[in-house]
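> okay, predicted coordinates and the sequence, questions at the end:
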Amino acid sequence: MATVEHGLWCVVPAAGSGSRFGADRPKQYTLIAGKPVLQWTIERLLAHPRIAGVLVVLAGDDDFWPGLGPFASKTVLTAMGGGQRSDSVLAGLRALPDSVAAEDFVLVHDAARPCVRHADIDALIERASPAGGGLLAAPVRDTLKRADASGRVAATESRESRWRAFTPQMFRRAELDSALESAAIAGIVVSDEAMAMERAGFRPLLVEGRDDNLKLTTQADRAQIEFLLLRGVD
Ligand SMILES: Nc1ccn([C@@H]2O[C@H](COP(=O)(O)OP(=O)(O)OP(=O)(O)O)[C@@H](O)[C@H]2O)c(=O)n1
Ligand SMILES: C[C@](O)(CO)[C@H](O)COP(=O)(O)O
């Protein structure tokens, strides 16, 4: 039974183009308070005492990475990503050090989520490890509407038992690798690691985390993320 007492490695998918963000560079290199979003995220992860190292998955044409400054004293490795986020995560898993055993848990956390709280990471590690894996998430708190082609309300959807998935997500290295590979072979694009695990028959544990674990997706997300980072995220 793999334990999480020794440090966990975290795969950080950072190979996206940020098309919805629409900047002059991939959004993970957008500066917030003078520092690239990716560096905020990596430093936040490495500052967590139970994270041993980070494997950053970069785009093949990424020419920003060498510009990033030094990180905490822990190990930062890189790998090259793929066309889909899930391809990048799989590449990252396969580039982890051999010291990460097949049955060891690994974390996967979006480069675009720099505000994750250490307390939420603690909760995920503590609660998801006995459950065989899980993810940070939050219950849907707004009324959900389904839109029709004209942009009008087609229906109001039940928000009962509906959760929003965040990252980190935490699963055993080999089980996640197998689930992602199986989905890729089947031609199924999974939008998060849990979807691949669900498809493989697992039932990941939902661990409630803070709603402000925001993902930088569009320009509208920038101001709130900047506020949180400047105020200080514990
Ligand atoms: N082929 C891809 C696509 C996405 N990502 C990463 O996965 C995270 C979440 O993806 P998303 O927010 O969709 O980022 P982008 O794909 O860059 O955004 P967009 O869909 O707007 O292009 C990001 O850190 C992104 O860099 C990745 O590593 N490899
Ligand atoms: C993994 C994720 O952040 C969970 O909400 C989300 O699925 C990423 O989606 P994206 O479209 O790749 O940003």
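Good, I have the coordinates. Numbering: from 1, shown residues only. Ligands and ions are numbered 1, 2, ... in the order given.
> which non-adjacent residue is nearest Gly157?
Not quite, residue 157 is Glu, not Gly. Nearest non-adjacent residue to Glu157, counting by C-beta to C-beta, 6 or more residues apart in numbering: Leu144, 4.1 Å away. Placement of C-beta: from N, CA and C, glycine included.
> the one you found against Ala154, yeah?
No: Leu144 lies out of contact with Ala154 (C-beta atoms under 8 Å); the separation is 11.6 Å.
> and the pLDDT at the residue nearest to Glu157?
Listed pLDDT for Leu144 reads 97.
> list the residues that contact it.
Contact partners of Leu144, counting by C-beta atoms under 8 Å, 6 or more residues apart in numbering, are 156-159, 162.
> can we see that at 10 Å?
Residues in contact with Leu144, defined by C-beta atoms under 10 Å, 6 or more residues apart in numbering, are 155-159, 162.
> just Leu31 next, same as before
Listed by C-beta under 10 Å, 6+ apart, the contact partners of Leu31 are 23, 25, 37, 39-40, 226.
> pull out the buried members of the residues you listed.
Buried by 16 or more other C-beta atoms under 10 Å: 37, 39-40, 226, out of the contacts of Leu31.
> which two among the residues you listed are spaced furthest apart?
Gln39 and Glu226 (14.2 Å; C-beta to C-beta).
> for the residue of the chain found nearest ligand 1, which non-adjacent residue is closest in space?
Relative to ligand 1, the nearest point of the chain is Gly16 (2.1 Å; C-beta to the nearest ligand atom). Using C-beta to C-beta, 6+ apart and skipping residues adjacent in sequence, the residue nearest Gly16 is Pro26, 6.4 Å away.
> phi and psi next, for the residue nearest to Glu157.
Per-residue torsions, Leu144: phi -100, psi 130 (degrees, to the nearest 10).
> gap between it and Ser158?
Leu144 sits 8 Å away from Ser158, going by C-beta to C-beta, to the nearest Å.
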